[in-house]
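[1] structure for this input, please:
(one chain, ligands or ions: 1)
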Amino acid sequence: MPLTRIDPVQYPSLLAEKVSQFKRDFAPFGVPEPAVFRSAALHYRLRAEFRMWHEGDRVDYAMFAAADPKQPVVIDDFPVAVESICTAMPRLRELLQGNEVLKRSLFQVEFLATLSGELMIGLIYHRPLDERWEAAARELAAKLGVQLIGRSRKQKIVLDRDWVLEQFDLNGRSLRYKQVEGSFTQPNGGVNRQMLGWACEQAAGLGGDLLELYCGNGNFTIALAPLFGRVLATEVSKSSVNAAHYNLEANGIDNVAMVRMSSDEISGALARTREFRRMQDIDLDSYRFSTLFVDPPRSGLDAPTLALAAGFERILYISCNPQTLQENVAALQSTHAVSAAAVFDQFPYTHHLECGLLLTRR
Ligand SMILES: C[S@@+](CC[C@H](N)C(=O)[O-])C[C@H]1O[C@@H](n2cnc3c(N)ncnc32)[C@H](O)[C@@H]1O
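    You can find the predicted model right below:
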């Protein structure tokens with residue numbers, strides 16, 4: 001049973017309601033009619049994680065409803081996950097069930113899939129993992145044909161690699177992305193491709209140089225870089241920055257400088273109020289920034305980043321939280337008008353909505 005009822009017949013009307021809400025929320029800012037990007041109605045999620053519920057000899061996938069956090073809901077069907085996860089789930093459960101070494105104190109299971117067909121499974125335990133576990137895990141990984149990782153307190157066992165390689169076509173280019181276990185990746189692969197397409201459409205013809213904040217593993221960086229002279233991309237997470245370096249190289253991108261920095265730090269560096277050794281090889285004065293691209297976490301842009309944004313000719317903003325987006329657009333209202341809008345349904349059957357805005361200097 002899934003935790004929430006998923007009825008694909010309801011999908012168009014649920015999306016229509018979210019789009020109407022977006023239009024109502026952003027009407028005060030004179031936002032143009034948004035382009036609407038739908039999700040597949042089923043099998044769209046590339047990530048899924050479940051608690052493992054032990055009852056007698058049985059082990060099952062479980063989730064907990066927010067309203068009743070102590071009562072497990074056994075999950076034997078999770079149709080929002082991509083097919084590779086749906087196919088692996090019952091096979092994995094059966095293999096775990098029949099193997100005491102793999103089953104004992106197993107607390108959580110995490111799946112990370114790609115559109116390209118790779119699958120990584122993380123098994124998280126409440127006990128130290130030993131050689132017997134590793135031998136059993138190797139057999140399990142071979143049977144399922146997946147990347148497998150074991151985690152326990154202060155322990156991480158990677159059998160082969162702790163990342164998957166995503167690969168898809170965009171605007172005639174074949175893009176490749178290393179996606180590392182535990183790092184941020186977009187959950188809805190089909191909608192992510194549409195977001196990249198929309199962002200490229202907005203950026204086409206803008207020219208100049210691009211400053212990107214919150215770049216993660218370079219998801220947007222790789223897509224946008226050919227449209228600009230040079231790109232300065234920043235991100236705070238070390239594992240994501242490492243993956244981004246790999247991804248730049250894997251995609252033959254050579255006009256991007258990537259620096260590990262928080263949005264607050266790069267705002268200070270560009271305002272020339274702070275200096276950083278990490279920036280010593282970057283000649284900030286040599287950039288001719290025309291456009292700022294941001295894809296922040298749910299909290300949106302902080303005050304120093306808003307001050308930085310206000311100085312840009314154009315701001316391309318991808319947001320996973322319409323509420324903080326509204327607050328940020330309100331703060332930029334005196335300097336920028338919204339010239340294009342889009343909604344991307346990354347999270348069907350929930351009230352969450354991803355949106356994109358192009359803000360242009362008034
Ligand atoms: C919504 S994700 C977007 C990542 C990337 N653009 C993508 O499409 O995969 C937000 C990213 O912001 C990073 N982040 C969170 N707080 C940050 C901060 N204060 N400064 C810089 N990056 C931050 C996170 O590590 C995460 O990679």
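[2] so what's the residue in the stretch 51-200 of the chain positioned nearest to the ligand scoring on pLDDT?
    Per Cβ to the nearest ligand atom, Phe184 is where the stretch 51-200 of the chain lies closest to the ligand, at 4.0 Å. Bear in mind the C-beta positions are built from the backbone N, C-alpha and C, glycine included. The model reports Phe184 with a pLDDT of 97.
[3] what of Arg176?
    pLDDT, Arg176: 98.
[4] what sits closest to the residue sitting nearest the centre point of the chain if chain neighbours are left out?
    Closest to where the C-alpha atoms of the chain average out (Cα atoms, centre = their mean) is Gln186, at 2.4 Å. Using Cβ to Cβ, 6 or more residues apart in numbering and skipping the chain neighbours, the partner closest in space to Gln186 is Asn192 (3.9 Å).
[5] which element is that neighbour on?
    Element membership for Asn192 (DSSP states H and E) is helix 189-203.
[6] list the contacts of that helix.
    For helix 189-203, the external contacting residues (Cβ atoms under 8 Å, 6 or more residues apart in numbering) are 35, 37, 39-40, 44, 46, 82, 114-115, 166, 168, 170-171, 186, 210, 219-220, 223-224, 227-228, 291, 293, 316, 318, 340, 342, 344-346, 354, 356, 358.
[7] the residue nearest to the centre of the chain and Gln346 touch, don't they?
    Yes: with contact defined as Cβ atoms under 8 Å, Gln186 and Gln346 form a contacting pair (7.1 Å).
[8] assumed Ala67 was part of a helix.
    No: counting by DSSP: H, G, I helix; E, B strand; the rest coil, Ala67 falls outside a helix, being coil.
[9] list the contacts for it?
    With Cβ under 8 Å, 6+ apart as the criterion, no residue contacts Ala67.
[10] also Ala342?
    By Cβ under 8 Å, 6+ apart, Ala342 lies in contact with Pro34, Ala35, Val36, Phe37, Met195, Trp198, Cys355, Gly356, Leu357.
[11] just confirm it is within a strand.
    Yes: counting by three-state DSSP, Ala342 is part of a strand.
[12] and it, what's its pLDDT?
    Ala342 carries a pLDDT value of 98.
[13] tally of neighbours for the closest residue to Ala244 other than its chain neighbours?
    Nearest residue to Ala244 in three dimensions, chain neighbours excluded: Gly218, at 3.8 Å (Cβ to Cβ, 6+ apart). By other Cβ atoms under 10 Å, 30 other residues sit near Gly218.
[14] same check, this time on Arg288
    Per other Cβ under 10 Å, the neighbour tally for Arg288 reads 11.
[15] and it, how far from the ligand?
    As defined by Cβ to the nearest ligand atom, to the nearest Å, Arg288 lies at a distance of 23 Å from the ligand.
[16] run the chain-centre distance for the helix holding Asn192.
    What separates the centre of helix 189-203 from the centre of its chain is 13 Å, taken as Cα atoms, centre = their mean, to the nearest Å.
[17] whichever residue of the chain sits closest to the ligand and Leu224: what is the separation?
    Across the chain, no residue is closer to the ligand than Gly216, which sits at 2.7 Å (Cβ to the nearest ligand atom). Here Gly216 is placed at a distance of 13 Å from Leu224 (Cβ to Cβ, to the nearest Å).
[18] and Arg91, by the same measure?
    39 Å.
[19] more crowded one of the two?
    Leu224 (27 against 12).
[20] who's in contact with the more buried one?
    Ala199, Cys200, Ala203, Leu210, Glu212, Val231, Phe293.
[21] in a markdown table, list the residues you listed along with pLDDT.
    A markdown table is the format used below for the contacts of Leu224 (pLDDT from 0 to 100):
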| residue | pLDDT |
| --- | --- |
| Ala199 | 98 |
| Cys200 | 98 |
| Ala203 | 98 |
| Leu210 | 98 |
| Glu212 | 98 |
| Val231 | 98 |
| Phe293 | 98 |
